[in-house]
Structure formats: C-alpha cells, structure tokens
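Q: just a sequence and a predicted model for now, questions to come.
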Amino acid sequence: MNRKVFDAHSHIGELAAYKYYDLTEPVKPTVIEYPTYKEYLKHMDEYGVDRAMVISNYGVPDSGQPFTLNPIVLDGVHHADRLVGAIWVSGLTKDKERTAEALKHVKEEGIVALKSTCLLGGTYNPGEWDDEARALWESIINAAEQNDLALHIHTSPGGGSDISNALELVKKYGKRIKIHLVHMGGFVSGHIKLVPKFINLVKEGFKVYTDTTWAVGFGSRWLLSEIERTGVGSDNVLFASDTPWSDFPSEFWKIEGADISEELKNKIFWENAQKLYSK
C-alpha cells in the first residue's frame, strides 16, 4: 500500500463470548481480536498501517467491561510509539467511580483521547442531564480540556448515542474541546442529520471531527463531495477502520476508491490524524 495511513479508531483486547439477543449459545461475532498490542502491531504490518489509535474493545451489554481493557491500551501506548490511545470513560452515573479511576491516567504518555458511548444508557445531550450526570460529564470535559485530549464518542441512530444528542454536546462544548464523532452519525438517518450541520459547525469554528467507519455508501460520498464543493471540512475528516468490528480493507477502499483529490485523501489518511492525535 503506497500511502501513509493513520487509523484513528480501532479496538484492542479480548471480549468473552456472549449470548446476544435470542441466541442459545454464546458467540464471538468479530472472529478476529487483538488480545495485546503485539498482536495489533502484526495487524498494522499486514495492512501497511503506519500509526493507529487503540481503544478498549467493547460490544457486550456491560458498561463496566470496557474499563477492564484500559490497561491493555496503556500497555500498548507505553511500549509502541506507533500507537496512541484513548482512555475509556462513561457518562453513566453507575460508572462514576470507574471513570474517576480511569481519569487518573489522562496524563500518561501516548494517551490522546477519552472514549465514551451512550449505547447502554445516558445521553450526550447536556439539556437532558440531571445534576449527577452533569457533574460526571463535566469531569470528563474538564479532563479533556486540561490535558488537550479529544473526546471520541460513538454515534448510532436512536437513544442517547443519536447524532442529534451528540450535536448538542458539540454546540455546548465543541469550542472548548475537540470532539470526534465516530461513524458519521451512524447509518442513513445519522448521515442525513449530520452532513450539512457538520460543514456549518466547522465554518462556525467548532472543533468537530468525524470518521467514515460504518458509513452507508452515500454517506461518505456526500460528505466528501460537500467538502470539495464548499472548501470546508478537509481538516476534520479522519480515516479509521473500527477493526475488529468493521474490517480494514472495506474501510480503506471507501476513501481510497472515492472520486476526490489526492490532496484530500492524504489529509484523511494521514495528515489530519497526525495533527489531531500526535502529542
């Protein structure tokens, strides 16, 4: 692969098999995993990835599970200078003590972001926080601001992780901290809600970023064509694989195969993440 690549969103650590939905037996649907940073580096070498952001693997309905993999992330960024990492935090008040413990690691070398989701409850929308949730989210926002870390958040349709809620977070805090909206808002409705607003938020000076993982075909095409049409947002889109939940080749070719300039491809594959996630 003749291109410098910075994967701005991927996961390391093992998940136990789980009996999802109405299955009768526990399964491990991703098939591949990277139990340690050493296995992850082999994956990078296989696909020619120069640098990568690693985050706790997650995907079972237990909000405490991703915290258990923060040590794997820290081990990776301490031993491999090709890696940077995000510390897992949560806006769920039941995870308040876990988040407080996790935030003790924000100053460690190689940590460049905080990662959170509302898939298992809570909301990104500051207008819907109660006092306890607000205090917890403010501790996360303050840690990001004081340590120049991005807040890396999952987006998907419906519930607290819906892009409508994430955009309220951006409007409230996106001039204080850098916010990376993973998955372009998530699927058809998320892309339609996000793309025009993303361009406007960048115009208005918000420090907002997104990646094209899991984007439905039209979504990334629309975003990239709007960036080239308007000349706004070329510094705010990142390449990411979300491996092992997505797969590297399909995410790579979503950008590499796009009908856009080489200058924009180089920014997305390398320059933007190198600027955002290098310390």
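A: Yep, it's here.
Q: where does the stretch 101-250 of the chain dip in pLDDT?
A: Low-confidence regions of the stretch 101-250 of the chain, defined by pLDDT under 70, are absent; no residue qualifies.
Q: what's the burial count for residue 192?
A: Neighbours of residue 192 under the rule other Cβ atoms under 10 Å: 14. Placement of C-beta: from N, CA and C, glycine included.
Q: for residue 266, see how far away it is.
A: From residue 192 across to residue 266, the span is 28 Å (Cβ to Cβ, to the nearest Å).
Q: please apply the same query to residue 75.
A: Taking Cβ to Cβ, one finds residue 75 at 31 Å from residue 266.
Q: please identify which of the two sits among more neighbours.
A: residue 75 (17 against 13).
Q: secondary structure element for the more buried one?
A: Element membership for residue 75 (DSSP states H and E) is helix 70-79.
Q: go on, residue 115?
A: With DSSP H and E as the criterion, residue 115 is inside strand 111-116.
Q: report the angle between the helix or strand following that strand and strand 111-116.
A: Following strand 111-116 in sequence order, the next helix or strand is helix 131-146 (DSSP H and E). Calculated by axes from the mean of the first three to the mean of the last three Cα atoms, to 10 degrees, helix 131-146 forms an angle of 160 degrees with strand 111-116.
Q: wait, doesn't residue 205 sit right on residue 171?
A: No - look at residue 205 against residue 171 with Cβ atoms under 8 Å: they stay out of range, at 11.7 Å.
Q: who's more crowded, the two?
A: Taking other Cβ under 10 Å, residue 205 and residue 171 do not tie; residue 171 has more neighbours (16 against 9).
Q: in a helix, the more buried one, correct?
A: Yes - assessed with DSSP: H, G, I helix; E, B strand; the rest coil, residue 171 lies in a helix.
Q: show me where this protein has its helices.
A: Under the criterion DSSP state H, the chain carries helices at the ranges 37-47, 70-79, 96-102, 131-146, 163-173, 187-203, 217-230, 248-256, 262-266, 272-277.
Q: and the angle for the helix holding residue 75 with helix 37-47?
A: Using the same axes, to 10 degrees, helix 70-79 lies at 60 degrees relative to helix 37-47.
Q: and helix 70-79, what's buried?
A: By neighbour count on 16 or more other Cβ atoms under 10 Å, the buried set for helix 70-79 is 70, 72, 73, 74, 75, 76, 77.
Q: again with stretch 120-127
A: Here stretch 120-127 shows 120, 121, 122, 123, 124, 125, 126 as buried, counting by 16+ other Cβ under 10 Å.
Q: coming back round to it: the helices of the chain into CSV, with extra columns for distance to residue 17?
A: Below are these laid out as CSV (distance: least, Cβ to Cβ, whole Å):
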stretch, distance to residue 17
helix 37-47, 18
helix 70-79, 18
helix 96-102, 23
helix 131-146, 31
helix 163-173, 31
helix 187-203, 26
helix 217-230, 32
helix 248-256, 23
helix 262-266, 38
helix 272-277, 32
